[in-house]
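1. Everything below, folded, please.
(chains A and B)
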Amino acid sequence: MSAPAMPEKVAGIIPVKFEKFGLGHYLVCLKGVVLRECLRFLHQRERFISSLVRPLIWLFIFAAGFRQVLGVSIIPPYKTYVLYEVYITPGLCGMILLFSGMQSSLSMVYDREMGNMRTLLVSPFPRWFLLVSKMLAGVSVSIAQVYAFLIVAWFWGVKAPPIGYLMVLPALFLSGMMLCALGMLLSSMIKQLENFAGIMNFVIFPGYFASPALYPLWRIQEASPLLYKICLANPFTYAVELIRFAFYGQVNWLSLGVVAGCTLLFLAAAIIAYDPSRGLMTRKQDTGGNA
Amino acid sequence: MAALDVVGVSHSYGPKRALNDVSFSIAPATFTVLLGLNGAGKTTLFSLISHLYDTRRGSIRIFGHDVSRASGEALRRVGIVFQARTLDLDLSVHQNLSYHAALHGIGGREARQRIAALLDTVDMQGRQHDKARSLSGGQIRRIEIARALLHRPSLLLLDEATVGLDIQSRAGILATIRKLVETEGIGVLWATHLIDEVKDGDHVVVLRQGELVAKGKVADVVRTSGAGSIRDAFSRLSRIEAAGIPEISP
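-> Have a look, this model is predicted:
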């Protein structure tokens, strides 16, 4: 990989031209952003532990307690009765992606407040590319967390078909992209780190509980038709179902379409929001906010 | 061709005008001091030059490239040291610099060679594996300067780069930057409110409450303002009454 050519100099002073960025330069940039996110994650061991402990508590304690209370009938993709632990595992994978996506949103707000965000935004690469790189970095870290959880779950006796661990990777990737894009969009709207608590209350908890992560949708429909409709309007519902079906080597096409569509929608909105000439960051300029 | 050409730039935060019709140019290989008290509009101007904010009125060109229309080409030619510390404190010096190199498409051996050379330039050799958190304020600034130079820009912007540093660190950083102008031919825009950082041969641009009130060589600004020194000229131009600007020894 060669570095961009240095500016030619006239009389040792005036740069004439730079070589255009090629694919290799874009890959170097992407690698740098992903590597930085991974290093940050490795340096924050508490973040890794808490990201693992949260779903494990649900798996070890919540699922054990509710196994007898919440019966799960045979619904696709399951071909037989499954333990409640098995049922909620895709939802817990989704939970890791959801929290991780919001965590990346939090880290962007933190970076913006601390000034680190400026380093990224003054890069000469197109801003859409920088934001996509940042998302890919966040998703890479999320997926590593999901697999760490799945390893522990495997030892706990919660096992998917072996091929499922491979088949679920694209589903995790797409769902992670959707949630990271949502997190990025939200980060452009949050002015201060303190406001992040609102994300917990208005995005993470409603998003998680109004989905089939913990109970099947038919149960919700029986209990509350209104809540059922809310669940159907929740993109996280489709992320969980996409992951659930992928574990059994199947594709839930509706979920795939909704997750892909929402990913594009959230990503486009985030790119516009971070565009200094068009987006929400422009509104922050109006109030003297920092980029 | 000017290293930096600012033409008729205005910017507002809602109803509050932060910059009003500001125009000036910086020639390559010159040291220009952007003088202004706190709130004069220096940081807003930096945010516009670095395309963090969009230029809605007027235009900004870096070596002929419009910052709004060709931001990538413009940003490749400029290195920036922001007023706020922007190193990632959890990462090492080398990791911070490698990250910046990647953001400019520079990787591998080339990045390592440049990092080693620049750490030498800013007198921080042997510290590349130290965590940024373990560095002093002056050392962090030196690393930020090395970072701003990694992609070999032709224009360097420094926003209040010496604020909060002790006298020795300030003098050292200023000397390093002035040397870069002489040896590397880099154009520098040095924003500060510390008048003792101005030398006789410098160019100055003076902002007051978003208005450009003077520009030119130090001697010209002193003469046209009817003052006896650049310190007095800055006092008058900034309308600092009675006590004037407190003297800080270099």
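2. can you pull the contacts of B:Lys131?
-> Contact partners of B:Lys131, counting by C-beta atoms under 8 Å, 6 or more residues apart in numbering or on different chains, are B:Leu89, B:Asp90, B:Leu91, B:Ser92, B:Val93. Just so you know, the C-beta spots here come from the backbone N, C-alpha and C atoms, and that holds for glycine as well.
3. Considering these, which possesses the most neighbours?
-> Highest neighbour count within the contacts of B:Lys131: B:Val93, with 25 neighbours (other C-beta atoms under 10 Å in any protein chain shown).
4. tell me which element B:Ala171 falls in.
-> helix B:167-184 (DSSP states H and E).
5. ok so, going back, among the contacts of B:Lys131, name the ones in helices.
-> Of the positions in the contacts of B:Lys131, B:Val93 sit in helices, assigned by DSSP state H.
6. Quick one: the contacts of B:Lys131 as JSON lines, columns for distance to chain A too.
-> Formatted as JSON lines, the contacts of B:Lys131 follow (distance: C-beta to the nearest C-beta, whole Å):
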{"residue": "B:Leu89", "distance to chain A": "9"}
{"residue": "B:Asp90", "distance to chain A": "4"}
{"residue": "B:Leu91", "distance to chain A": "6"}
{"residue": "B:Ser92", "distance to chain A": "9"}
{"residue": "B:Val93", "distance to chain A": "13"}
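7. Kindly present the contacts of B:Lys131 as CSV, with separate columns for pLDDT.
-> CSV is the format used below for those (pLDDT from 0 to 100):
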residue, pLDDT
B:Leu89, 87
B:Asp90, 85
B:Leu91, 90
B:Ser92, 93
B:Val93, 95
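8. Next, give me the two most distant ones among the contacts of B:Lys131.
-> Largest separation among the contacts of B:Lys131 by C-beta to C-beta: B:Asp90 and B:Val93, giving 12.1 Å.
9. Need the residues touching each of those two.
-> With contacts defined as C-beta under 8 Å, 6+ apart, the residues adjacent to both B:Asp90 and B:Val93 are B:Lys131, B:Ala132.
10. contacting residues for the residue in chain B positioned nearest to chain A?
-> Closest contact between chain B and chain A, by C-beta to the nearest C-beta, is at B:Ala102 (2.1 Å). Listed by C-beta under 8 Å, 6+ apart, the contact partners of B:Ala102 are A:Val28, A:Cys29, A:Lys31, A:Gly32, A:Val33, A:Leu35, A:Arg36, B:Ala111.
11. What does the pLDDT read for B:Glu73?
-> According to the prediction, B:Glu73 has pLDDT 90.
12. ugh, wrong one, I meant A:Leu265
-> 96.
13. which parts of the stretch 51-200 of chain A sit against chain B?
-> By the rule C-beta under 8 Å from any C-beta of the partner chain, the part of the stretch 51-200 of chain A lying against chain B is A:114-116, A:118-126, A:130.
14. now do 6 Å
-> Residues of the stretch 51-200 of chain A lying near chain B by C-beta under 6 Å from any C-beta of the partner chain: A:Gly115, A:Asn116, A:Arg118, A:Thr119, A:Leu121, A:Val122, A:Ser123, A:Pro124.
15. For the last one, which residues are in contact?
-> What it means is A:Pro124. Going by C-beta atoms under 6 Å, 6 or more residues apart in numbering or on different chains, A:Pro124 touches B:Gly72, B:Leu75, B:Arg76.
16. same thing with the first one?
-> The neighbours of A:Gly115, taking C-beta under 6 Å, 6+ apart as the test, are B:Phe82, B:Ala84, B:Thr86.
17. Of all residues in chain A, which one is closest to chain B?
-> A:Gly32 (2.1 Å).
18. For the chain, which residues score under the pLDDT cut-off?
-> Picking chain A for this. Under the criterion pLDDT under 70, the flagged ranges of chain A are A:1-18, A:68-73, A:191-196, A:276-291.
19. meant chain B actually
-> Along chain B, segments meeting pLDDT under 70 span B:240-250.
20. could you pull out the helices for it?
-> Along chain B, counting by DSSP H, helices occupy B:42-49, B:71-76, B:93-103, B:108-121, B:137-149, B:167-184, B:218-224, B:230-237.
21. Against which helices or strands is the last one packed?
-> Contacts of helix B:230-237 with other secondary structure elements, assessed using 3 or more C-beta pairs under 6 Å, 6 or more residues apart in numbering or on different chains; DSSP states H and E, are made with helix B:218-224.
22. so what's the most centrally placed residue in chain B up against?
-> By C-alpha atoms, centre = their mean, chain B has its centre lying nearest to B:Leu158, at 1.8 Å. Residues in contact with B:Leu158 (C-beta under 6 Å, 6+ apart) are B:Val81, B:Trp190.
23. For B:Lys42, see how far away it is.
-> Going from B:Leu158 to B:Lys42 by C-beta to C-beta, to the nearest Å gives 11 Å.
24. Same question for B:Val205.
-> 10 Å.
25. intersection of neighbour lists for those two?
-> Common neighbours of B:Val205 and B:Lys42 (C-beta under 6 Å, 6+ apart) are B:Leu34.
26. Now distance to A:Ile243 too, for the contacts of A:Gly115, in a markdown table please.
-> As requested, these are arranged in a markdown table below (distance: C-beta to C-beta, whole Å):
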| residue | distance to A:Ile243 |
| --- | --- |
| B:Phe82 | 41 |
| B:Ala84 | 40 |
| B:Thr86 | 37 |
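27. Just the closest of these to A:Ala268, please.
-> Distances from A:Ala268 to the contacts of A:Gly115, taken by C-beta to C-beta, are shortest for B:Thr86, at 27.9 Å.
28. if I read this right, that closest one contacts A:Leu120, doesn't it?
-> No - using C-beta atoms under 6 Å as the test, B:Thr86 is too far from A:Leu120 to be in contact (9.8 Å).
29. where exactly do the helices run in the stretch 1-150 of chain A?
-> Ranges of helices in the stretch 1-150 of chain A, per DSSP state H, counting those that start in this stretch, are A:23-43, A:45-57, A:63-66, A:84-114, A:116-121, A:127-155.
30. got those as a markdown table, with mean neighbour count columns?
-> A markdown table is the format used below for these (neighbours: other C-beta atoms under 10 Å in any protein chain shown):
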| stretch | mean neighbour count |
| --- | --- |
| helix A:23-43 | 19 |
| helix A:45-57 | 15 |
| helix A:63-66 | 16 |
| helix A:84-114 | 24 |
| helix A:116-121 | 22 |
| helix A:127-155 | 20 |
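31. export those to a markdown table and tack on distance to B:Val7?
-> Below are the helices of the stretch 1-150 of chain A laid out as a markdown table (distance: least, C-beta to C-beta, whole Å):
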| stretch | distance to B:Val7 |
| --- | --- |
| helix A:23-43 | 31 |
| helix A:45-57 | 47 |
| helix A:63-66 | 65 |
| helix A:84-114 | 29 |
| helix A:116-121 | 23 |
| helix A:127-155 | 24 |
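32. nearest to A:Val168, of those?
-> Of all the helices of the stretch 1-150 of chain A, helix A:84-114 comes closest under C-beta to C-beta, at 7.5 Å.
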